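Student: I would like the atomic coordinates for the input below:
(chains A and B)
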Amino acid sequence: MVSLKPEVLARAGLLLQYVVSRDVPWLRPVGCSVGEDGFKCDFISTSGRWPDESLVKKVERAVVELESSGGVAPKYVGLVSDELVRLLGRSATYEINGVEVFLESEVKPSERAVKAVLIRNVSAHNPAKDVSLVRLIGVAFDDLDEYREWVEYYEEAIRRDHRVLGQKLDLFDFYEEAGPGLVIYHPKGQLIREELIKLVREINSRLGYSEVYTPHVYRSVLWKISGHYDLYRDKMVLADVDGEEYGVKPMNCPGHILIYKSRTRSYRDLPVRLAEFGTVYRWEKRGELFGLLRVRGFTQDDGHAFVREDQVELEVGNILREVFNLLSLFGIARENTRIYLSTKPEKYIGSDEAWDKATQSLKRALDKLGIQYEVKEGEGAFYGPKIDVHFRDSLGRWWQCSTIQVDFALPERFNLEYVDSDGSKKRPVMIHRAILGSIERFMAIIIEEFEGRLPTWLSPVQVIVVPVSKDVAEYALEVTEKLKNAGIRAVEDLSDETLQKKIKMAYEQAIPYVLVVGRKEATQKTVTIRGRGNLQASNVPLDTFVRELINEIRERALSQKALINILSKSPAIQNS
RNA sequence: GCCGCCGUAGCUCAGCCGGGUAGAGCACCGGCCUUGUAAGCCGGGGGUCGCGGGUUCAAAUCCCGCCGGCGGCUCCA
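Tutor: This next block holds a predicted model:
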C-alpha cells in the first residue's frame, strides 16, 4: 500500500475545483473530502451534462499546468453557510483567484505544488434523495517518484485481484446464464473451501460448537416470526408453492433457534452452541456485487451461542481469541485489519441495562486480550452491540469478515427461555458469530493476500511431479502415487512439453512444489525439489521429503518449511 | 437501484472513430523433437462479434432496449 499525503490531496482537490469552475462553466464546485485512498470532489451540473473522458484529461492537465506556472495558494476564508455543502459535511471555504472552493475542515492543504493529478473515476453521488452530484475521485502527488510508485503499486494490485487470479488458477467463475453474484466453484476452488471448512471445524470443536444442518427454504411464517419478513424482505428470494409462500434463507439463525426450542433448557445447559456452514442468499442490488467479495449466495461459517447474560464476556473472549489465531495463521498484517465495536443505535430493542451490560462485556473481552479497536457509536444493529473485524483487499477497500453480535431481539421474538437455578424462566441472550465471515469473502482476501501463491496446506495442487524425459515416466508415477498415498494432493505431468515449459506452467499455476525426476533420481529413489522463489534441493530421498511435507501441511505452515528444513538440515544434499 | 465506461474464439486483446460481412498471441488438437530447470518447431480446428430491435443496398462497426461485467455512489458478510 502506497500511502498518499492528505495535505497534497487537499491542495489538489482545491485546485481541481478552481480549474473546473474556471474552464467548465456548467460544473459548480460544492465540496471536497480527502481519504486515505484519494480525494473526492463534488460538483453540481447546472446543465444536466456529465463530464466525459476528454474533459477529465483536460482538467487534470490544467491543474498541473497551473502549478508549474507558479501556482496559486488557496486562501482560507472560513466555515461555510451553504446548505448543500453542509450536507456533504465539508465545511471550510477557500478562495482561489476570487473563486470559492471547498474542503472538509479537518485537512490543511499543502504549501507545495502538486506535480501529478490522476482522476480515477467520474460518478454520481447522492447525499440526499433529491440531490445528484457529479463526483470526481482521484489521487495527487507532489513528487513524481511517488506518483510512479503509486502507478506501479496499482498495476500490481490488478495482478493480485482475486477475480483475475480465480480465473487464471481455475478456482471459480461467474456465468451469465447462472445469474449475477452466484459463484460456481471449480474443483480447485472447492478444495480451498474444504480446507477452510476443515479449519473452522477444528475451531468450532475447540469452542464447543456442535455442527448442525438446516434447510435452505422455510415457510414465510418463520421469517415473519424472526422479523426478516418485515425488515429484510426486499433482499429475500420468496416463492409461492402450492398456495403457500416460502423464503430462501438470508440467515441461519431461525433454524438454530428451532433446535434450541426443541426442548426445555436448564441454566446448566447454557451456553448451547450450534454451528453450521450455512449457505444463505441475499438479493443485493446489482451494482453492489463485486467478485467473491460481494455475492448473492454465500456460505457463512455461522454459529449461535445461547447464553446467560453473565456468560457473554467469556464466550466473546473465547471467540475473539480464535479470530486472532486465524489472523496469525494467515499472516494477515495488523495494518490490514480493523476492529470495531459498534454500540447502541438510536432505534433499538431491549433494555438500556441489558445493552449496557452487553456492551461492557464486549469491551472487557477486547481489553483483556489487549486488542486495539475503534468504537463506532450508534452503529450497532437494532438488536444488539457487535464486534466486527474488517480486512483490506488488494485495492485498499475494507470488508467485514469476522463478526460477533449480541442479540436481544430474536430470543424475545421466539420467546426463548431457560429454567434458572431458582426455577424461574429466564430469557437467554444470543451471540451470532462468524469466524471467517463468509467463505467466499475470506477466500478472496487470502487469494489477494498471497497473490494466489497459497500456503501448501491450502493449495489445490500441492506437488507436481515432472519427469525429465519419457523413460522416467514410470518413476514419476511411482513418486506421485506415494505422495497421494500419504494424503498429499499431487499430480504428475507426463505431457510432451519441454522440462522448461512444465516448470513455467507449474509456477504459473502457483503449485508450491515441483519435483523434478530424471535417471539419477530414479536410480537413487530421490527427488529434486523446486520450491517457490527458485529455491531448490537436489537428490533428496523421497521419504525425507514426504515426512517433511506432511509436517508442513499438518502445521498449516505459512512458509515452505519442508524445503527450508531439508536445506538447513542437510546442506550436503544441496547440489546446484 | 443511481452515474459513467465496457462486452469480438476457452483466455488476453486488435478491428469499430470515417459501415462492405473477422484477426493475433496463449490454450486446445495433430505431427516432429525425447528433452536436466520459468514458453522448442511446424500444421490444424474453433467465433450466429452478449441478446433483441432499428437505420442502411450492406452493421462487429451507427441508433434504441435488455442482459452481463467494471469503476464509483448507496447498502452489506
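Student: and the host helix or strand of residue A:568, anywhere near RNA strand B?
Tutor: Assigned by DSSP states H and E, residue A:568 belongs to helix A:561-569. No: using C-beta under 7 Å from any atom of the strand, helix A:561-569 never reaches RNA strand B; the gap is at least 12.9 Å. Any C-beta I mention is one placed from the backbone N, CA and C, and that applies to glycine too.
Student: who's in contact with that helix?
Tutor: Residues outside helix A:561-569 that contact it (C-beta atoms under 8 Å, 6 or more residues apart in numbering) are A:456, A:513, A:529, A:531, A:535, A:537, A:540, A:544-545, A:548-549, A:551-552, A:555, A:573-574.
Student: Write out the residues of the stretch 451-576 of chain A neighbouring RNA strand B.
Tutor: Of all the residues in the stretch 451-576 of chain A, those in contact range of RNA strand B (C-beta under 7 Å from any atom of the strand) are A:468-471, A:496-501, A:503-504, A:507-508, A:516-521, A:528, A:530, A:532-534, A:536, A:538.
Student: Generate a ChimeraX selection restricted to the buried subset of the residues you listed.
Tutor: Applied in ChimeraX, the following selects the buried portion of those according to 16 or more other C-beta atoms under 10 Å:
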select /A:468,503,516,517,518,521,528,530,532,536,538
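Student: picking up where we left off before, quick one: buried ones out of the contacts of helix A:561-569?
Tutor: With neighbours counted using 16+ other C-beta under 10 Å, the contacts of helix A:561-569 contain these buried positions: A:456, A:513, A:529, A:531, A:537, A:540, A:544-545, A:548-549, A:552, A:573.
Student: now the residues you listed as TSV including pLDDT and secondary structure?
Tutor: Written out in TSV, the entries for the buried ones among the contacts of helix A:561-569 read as follows (pLDDT from 0 to 100; DSSP: H, G, I helix; E, B strand; the rest coil):
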residue	pLDDT	secondary structure
A:456	97	helix
A:513	97	strand
A:529	97	strand
A:531	95	coil
A:537	94	strand
A:540	95	strand
A:544	96	helix
A:545	97	helix
A:548	97	helix
A:549	98	helix
A:552	98	helix
A:573	51	helix
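Student: out of the residues you listed, which one sits closest to residue A:198?
Tutor: Compare each of those with residue A:198 using C-beta to C-beta and the shortest gap goes to residue A:456, at 14.3 Å.
Student: nearest residue to the closest one other than its sequence neighbours?
Tutor: The spatial neighbour of residue A:456 that comes closest, neighbours along the chain excluded (C-beta to C-beta, 6 or more residues apart in numbering), is residue A:512 at 4.6 Å.
Student: What ranges does the stretch 301-450 of chain A have for its strands?
Tutor: Secondary structure of the stretch 301-450 of chain A (DSSP state E, counting those that start in this stretch): strands at A:337-342, A:374-376, A:386-392, A:398-407, A:418-419, A:425-426, A:429-438.
Student: okay, these in CSV with mean pLDDT and mean neighbour count next?
Tutor: CSV is the format used below for the strands of the stretch 301-450 of chain A (pLDDT from 0 to 100; neighbours: other C-beta atoms under 10 Å):
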stretch, mean pLDDT, mean neighbour count
strand A:337-342, 92, 19
strand A:374-376, 90, 13
strand A:386-392, 92, 22
strand A:398-407, 92, 22
strand A:418-419, 96, 18
strand A:425-426, 95, 14
strand A:429-438, 95, 26
